[in-house]
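>>> coords below, sequence missing:
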């Protein structure tokens with residue numbers, strides 16, 4: 001018994017769960033003290049953000065340089081973008097279907113939120129056309145140093161891809177730099193390992209702040225909407241992502257268990273970025289090639305935010321229902337097409353949920369931007385659900401695209417699962433088969449193993 005308790009006390013999942021429980025308790029009993037705990041979460045997230053730019057850049061550069069085949073790189077990127085578009089569209093549709101069935105905003109008493117208000121003027125965005133084109137032009141940094149200074153992940157990915165492709169064209173003369181970059185990346189991942197020991201403290205601070213600041217009263221007032229969002233995210237993950245996983249020969253439930261630590265950290269911190277470096281390392285250990293992980297995962301943070309897509313469609317329809325605006329089928333289709341554009345920039349905008357939602361509401365000329373005030377009390381709680389859905393969706397996307405592009409090592413995957421779940425546990429539900437014109441490139445042969 002003592003041995004079991006000692007083992008559980010060292011388990012990150014158990015530590016984060018206890019931290020979340022303690023944080024919620026503190027926020028309920030002493031709200032003022034709980035609110036002051038935000039600094040713990042902020043410090044933890046800053047520590048993670050500190051290493052994200054160099055890790056993202058070096059992972060991409062090393063991965064592309066090791067592949068030495070730009071056509072293969074283009075195949076990975078192309079398949080990733082197609083996958084992102086299809087799955088994020090499904091996420092939007094699922095959110096809209098659930099809202100039309102459950103209608104949590106119908107008959108909602110807007111006076112129930114009392115005097116609580118929010119200055120929506122700061123969320124009012126430019127017209128959607130300008131917003132989208134500004135997002136596209138913003139992918140290219142003014143200069144590379146500025147991209148790293150701002151921590152703009154999409155700009156860093158863009159520069160990293162160019163740098164990696166140039167390294168391939170330079171050939172053997174770039175090899176010394178690639179070796180140094182590989183060593184530097186190994187050091188950075190060890191730093192991540194040190195930082196992740198503080199994850200329970202960060203999760204405790206975030207949960208204490210959330211409950212202390214917004215209280216459980218906001219959950220009671222808007223409980224139907226909150227339950228609808230969580231239920232939709234769960235349905236999407238187990239039905240849609242579960243079907244995607246099954247079609248690609250692996251168990252979603254087991255994959256979710258493999259990602260449990262990262263999901264709990266995101267649940268506590270409400271930040272997808274808090275696990276990006278660890279997620280890159282974990283998917284590489286699972287058998288995805290370094291190049292596919294470095295390319296698919298960071299881009300997915302902006303273009304494949306499934307949870308955010310669900311939230312945007314549900315929030316827009318909730319505001320319509322709360323204001324008594326009955327949107328026709330054609331108007332809802334128009335809203336869907338609009339969200340297909342605005343949601344693509346959601347992962348790269350600070351305070352993305354409200355900013356992107358405001359841009360969408362403004363562009364409809366039907367839904368009031370003032371409706372944002374109805375959701376401010378539970379936005380933090382909804383952020384937990386959408387952030388977890390985002391990272392799980394991008395994890396599945398990375399595995400699927402890696403397998404489609406023959407950048408996945410099934411032997412390495414079985415080894416990772418055996419190490420995590422015990423001997424004999426296999427990743428693949430069926431024998432791994434590739435098309436006759438594809439060659440499986442063992443990821444393990446292209447990378448050096450990273451410490452868990």
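Looks like it arrived, so ask away. Please read all numbers here as calculations on a predicted model, not as lab measurements.
>>> pLDDT weak spots in the protein?
Filtered on pLDDT under 70, the chain yields the residue ranges 1-10, 67-69, 109-136, 217-221, 344-355, 377, 430-452.
>>> which residues in the stretch 351-452 of the chain form helices?
Under the criterion DSSP state H, counting those that start in this stretch, the stretch 351-452 of the chain contains helices at 352-364, 372-375, 379-404, 410-421.
>>> distance between the third one and the chain's centre?
It refers to helix 379-404. Relative to the centre of its chain, helix 379-404 is centred 5 Å away, using CA atoms, centre = their mean, to the nearest Å.
>>> and stretch 239-253, by the same measure?
Relative to its chain's centre, stretch 239-253 lies at 18 Å (CA atoms, centre = their mean).
>>> ditto for stretch 196-211
Offset of stretch 196-211 from its chain centre (CA atoms, centre = their mean): 18 Å.
>>> in it, what counts as buried?
Buried positions in stretch 196-211, judged by neighbour count with 16 or more other CB atoms under 10 Å: 196, 199-211. Placement of C-beta: from N, CA and C, glycine included.
>>> and the longest helix for the chain?
As assigned by DSSP state H, the longest helix anywhere in the chain is helix 70-102.
>>> residue 394: how many residues sit nearby?
Neighbourhood size, residue 394 [other CB atoms under 10 Å]: 28.
>>> so who does it touch?
Residues in contact with residue 394 (CB atoms under 8 Å, 6 or more residues apart in numbering) are 279, 296, 297, 300, 301, 304.
>>> what about residue 399, how many residues nearby?
Residues near residue 399, counting by other CB under 10 Å: 25.
>>> what's the distance between it and residue 296?
9 Å (CB to CB, to the nearest Å).
>>> for residue 82, same thing?
Distance, residue 82 to residue 296, using CB to CB: 12 Å.
>>> re the thing from before, which one of the helices of the stretch 351-452 of the chain lies closest to residue 52?
Minimum separation from residue 52 across these (CB to CB) falls at helix 379-404, 13.7 Å.
>>> what inclination does the closest one have with respect to helix 410-421?
Helix 379-404 and helix 410-421 meet at an angle of 140 degrees, taking axes from the mean of the first three to the mean of the last three CA atoms, to 10 degrees as the criterion.
>>> give me the phi and psi angles of the residue lying closest to residue 360 once chain neighbours are set aside.
The shortest distance from residue 360 to any non-neighbouring residue, by CB to CB, 6 or more residues apart in numbering, is to residue 342 (4.9 Å). Residue 342 adopts backbone torsions of phi -70, psi -30, taken as degrees, to the nearest 10.
>>> and if you look at residue 288?
When quoted as degrees, to the nearest 10, the phi and psi of residue 288 stand at phi -70, psi 140.
>>> return the set of buried residues in stretch 166-179.
Neighbour counts over stretch 166-179 (16+ other CB under 10 Å) mark 167, 168, 174, 178 as buried.
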